[in-house]
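Chemist: Structure, please.
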Amino acid sequence: MRNNYTPSVNIIRDTDREVTYIPTPNAKRTVSQIIDDFRNGVRSFNLIGSYGTGKSSFLLALEQSLRGKRPYFNVPFIKDQTFGTLKLVGSYESIIESFASQLGVTATEDFTENIFTELISLYKSVGKNPLLFIVIDEFGKFLEYAAQNKPERELYFIQQLAELANDTKYNLVLITTIHQSFESYGFSLSDSQRQEWTKVKGRFRDVTFNEPVEQLLYLASEHIASVRKSETTYDNLDTALNLFIKSKAFNYNEGFSKELNLKIYPLDLLSANTLTLALQRYGQNERSLFSFLESTDHTSFAHHTSLQDPFYNLANVYDYLHFNFYSYLTSRFNNDFAAWASIKSSLEIVEREFAEDLAAYTKLIKAIGLINVFAASGAILDKAFW
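Modeler: Numbers count the residues shown, from 1 in each chain. Next comes the predicted model:
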């Protein structure tokens, strides 16, 4: 089977690309919620989810379903709908200027009015029974710009855009994606500006979009299995699986875990779950589990060989996170700052106290530290585990 994996999805660049997508229960619920709200007159949505949870892929799958290209979702918004779309990918610039560029608006007089006039013209040009989706991926970048540059002007445009979408005399749907709450992008604003920020946010329906870790791991395992160069023995795989199950450190389905255990090697299930949770928690600048798979630095998955260790284990995960997220992990903005500081302190003690087997002790400290941060409460981490 051809591998259609890509470490990142761009909703404009990849419009016509065949991207493998597995509709998850979470994604299906999201579509159902959007359809129900659309019928009730709520048509502006913020998809809120961590980095690497598949929001852009979801948007592409939804568009392909609406166009009738791939039946990922059942999408009966209106009867005999004719579908059209206007798509933007956020960047640190004015959202007003970006819309003007997309719609070909150049007139300086009545600038925003002309933008909305062109938007309505685009809607009417879609065809009989038009359904126009306005999709803004990486919306947070526009919000970051708005917070620093004429926030009143930028926010008022966003408010007008949402109000137009929510006008039920048109069949418009506005979907944006952000990585954190709408309000968090306006932390530097004055009190009065933050009040406006909150008012604009009220025009949108927030939809949480965080795929389960298991689903992300399954998607990643499909890629790993297709490119894997090294193999290990079934004894090693069985040992790793039994250790994972008995530890109860992470949620698991036994049948699913057995299948995943085979596909995701040289990651083991403990390191894979820890890594995915860490990247969801600390991920910045679109770093995710999938960009991890494409990383080429010295701590990366690509540089691991079975001659070093049978698995890309928890100590390897620690090294990758420490190298790629050092500035954030050592910042007091990190909620896990104390835990990471404790790991560092423990490593320094080990280096002073042990002259022999230092590498083994160091790996153990890194593994204990990560499990302490990410494992579920009640995990069985006894002597048999270590």
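Chemist: Every contact and neighbour count from this point should use C-alpha atoms.
Modeler: Fine.
Chemist: can you give me the strands for the stretch 51-200 of the chain?
Modeler: Under the criterion DSSP state E, counting those that start in this stretch, strands of the stretch 51-200 of the chain are mapped to 82-89, 130-137, 172-178.
Chemist: what's the most buried one of these?
Modeler: strand 172-178 (a mean of 24; mean count of other CA atoms under 10 Å).
Chemist: so what strands line up beside it?
Modeler: Partner strands for strand 172-178, per DSSP bridges, with pairing direction: strand 44-48 (parallel), strand 130-137 (parallel).
Chemist: CA atoms only for that strand - export them in CSV, please.
Modeler: Taking only C-alpha atoms (Å, rounded to 0.1, in the frame of the first residue of the first chain), the coordinates of strand 172-178 have been written out as CSV:
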residue,chain,number,x,y,z
LEU,A,172,-21.9,30.0,5.8
VAL,A,173,-19.7,28.1,8.2
LEU,A,174,-16.7,29.7,9.8
ILE,A,175,-14.1,27.3,11.3
THR,A,176,-10.9,28.3,12.9
THR,A,177,-8.2,26.3,14.7
ILE,A,178,-6.2,27.4,17.7
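Chemist: what's the angle between it and strand 82-89?
Modeler: Taking axes from the mean of the first three to the mean of the last three CA atoms, to 10 degrees, strand 172-178 and strand 82-89 form an angle of 30 degrees between their directions.
Chemist: Can you name every helix or strand that the worst-scoring helix or strand of the chain on mean pLDDT contacts?
Modeler: With mean pLDDT, DSSP states H and E as the measure, the helix or strand of the chain carrying the lowest mean pLDDT is helix 213-227 (a mean of 77). Using 3 or more CA pairs under 8 Å, 6 or more residues apart in numbering; DSSP states H and E as the contact criterion, the secondary-structure elements in contact with helix 213-227 are helix 254-263, helix 269-282, helix 289-294.
Chemist: still on that earlier bit, turn the strands of the stretch 51-200 of the chain into JSON lines, including distance to Val317 and mean pLDDT.
Modeler: Putting the strands of the stretch 51-200 of the chain into JSON lines (distance: least, CA to CA, whole Å; pLDDT from 0 to 100) gives the following:
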{"stretch": "strand 82-89", "distance to Val317": "31", "mean pLDDT": "97"}
{"stretch": "strand 130-137", "distance to Val317": "29", "mean pLDDT": "97"}
{"stretch": "strand 172-178", "distance to Val317": "27", "mean pLDDT": "96"}
